[in-house]
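Q: turn this into a structure:
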Amino acid sequence: MKFAVLASGSGTNLQALLDAEQRGELAPATIACVICNRPDAVALARASAAGVPAILVDHQRFDDRASFERALLEHTDAHDVEAVVLAGFMRILTPIFTDRFPGRIINTHPSLLPSFPGAHGARDALTHGVKLTGCTIHIVDNSLDGGPIIAQAAVPVLDSDDPASLQQRIQAQEHRLLPEVVQMVANERVKLDGRRVRIE
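A: Next up is the predicted model:
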């Protein structure tokens, strides 16, 4: 199964996928292309270094969200993409894009959803005073971080934590969990039963 990875920033989750693919731990998934919406995204360089097509689709060059998403789809079509990973992709996608890959867009989020959706999961966990947070990998639907949950990993919140240190420990779990989930999706093991995800 050919995946596109969409990223906006440093691309550490992308690197975890690239490393897993190089070790032979992603098959039958392959990373067909990496698409970034920011020209300064380090993820572009990570993809190029791995020999994966690195594509810039700068959202600021489009008049509206619809034209931006149609441009994304031109590239996914060109690379015969069958599924999508959002790896730190900081744009909300509409049905123009999501309807093309029903049940086959997965996202990583730095909290134990449904707690702390949005862009600042680690900071929000600290502000709220929880003792346990973590990461979630879920299927993308038309809600904000509200799609069916595939997998989660817990991370304790330490008294010494600040948002950066907590985020770093959450990311370590994301890097472990994301390649496993991508491989599950590629093996058709992820099945939806209403809002529940069953792993066959």
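Q: three-state assignment of Gln167?
A: Secondary structure assignment for Gln167 (DSSP: H, G, I helix; E, B strand; the rest coil): helix.
Q: output the contacting helices and strands for the lowest-mean-pLDDT helix or strand in the chain.
A: The weakest-scoring helix or strand in the chain, judged by mean pLDDT, DSSP states H and E, is strand 190-193 (a mean of 94). Contact analysis of strand 190-193 by 3 or more Cβ pairs under 8 Å, 6 or more residues apart in numbering; DSSP states H and E lists strand 196-199 as its packing neighbours. Every residue, glycine included, has its C-beta placed from N, CA and C.
Q: partner strands of the strand it packs on, with direction?
A: The pairing partners recorded for strand 196-199 under DSSP bridges are strand 190-193 (antiparallel).
Q: may I see the buried residues of the partner strand?
A: Across strand 190-193, burial judged by 16 or more other Cβ atoms under 10 Å covers Val190.
Q: list the contacts of it.
A: 103, 139, 148, 150, 181, 184, 197-200 (Cβ atoms under 8 Å, 6 or more residues apart in numbering).
Q: again, only this time at 7 Å
A: Strand 190-193 has contacts (Cβ atoms under 7 Å, 6 or more residues apart in numbering) with 103, 148, 150, 184, 197-200.
Q: contact partners of stretch 154-168?
A: Stretch 154-168 is contacted by residues 110, 112, 122-123, 125-126, 130-134, 169-170, 173 when judged by Cβ under 7 Å, 6+ apart.
Q: can I get these in a markdown table including pLDDT, distance to Glu74 and secondary structure?
A: Listed next are these as a markdown table, based on pLDDT from 0 to 100; distance: Cβ to Cβ, whole Å; DSSP: H, G, I helix; E, B strand; the rest coil:
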| residue | pLDDT | distance to Glu74 | secondary structure |
| --- | --- | --- | --- |
| Pro110 | 96 | 30 | coil |
| Leu112 | 98 | 36 | coil |
| Ala122 | 97 | 34 | helix |
| Arg123 | 97 | 35 | helix |
| Ala125 | 97 | 38 | helix |
| Leu126 | 97 | 40 | helix |
| Val130 | 98 | 42 | coil |
| Lys131 | 98 | 46 | coil |
| Leu132 | 98 | 42 | strand |
| Thr133 | 98 | 38 | strand |
| Gly134 | 98 | 36 | strand |
| Arg169 | 97 | 38 | helix |
| Ile170 | 97 | 33 | helix |
| Gln173 | 98 | 34 | helix |
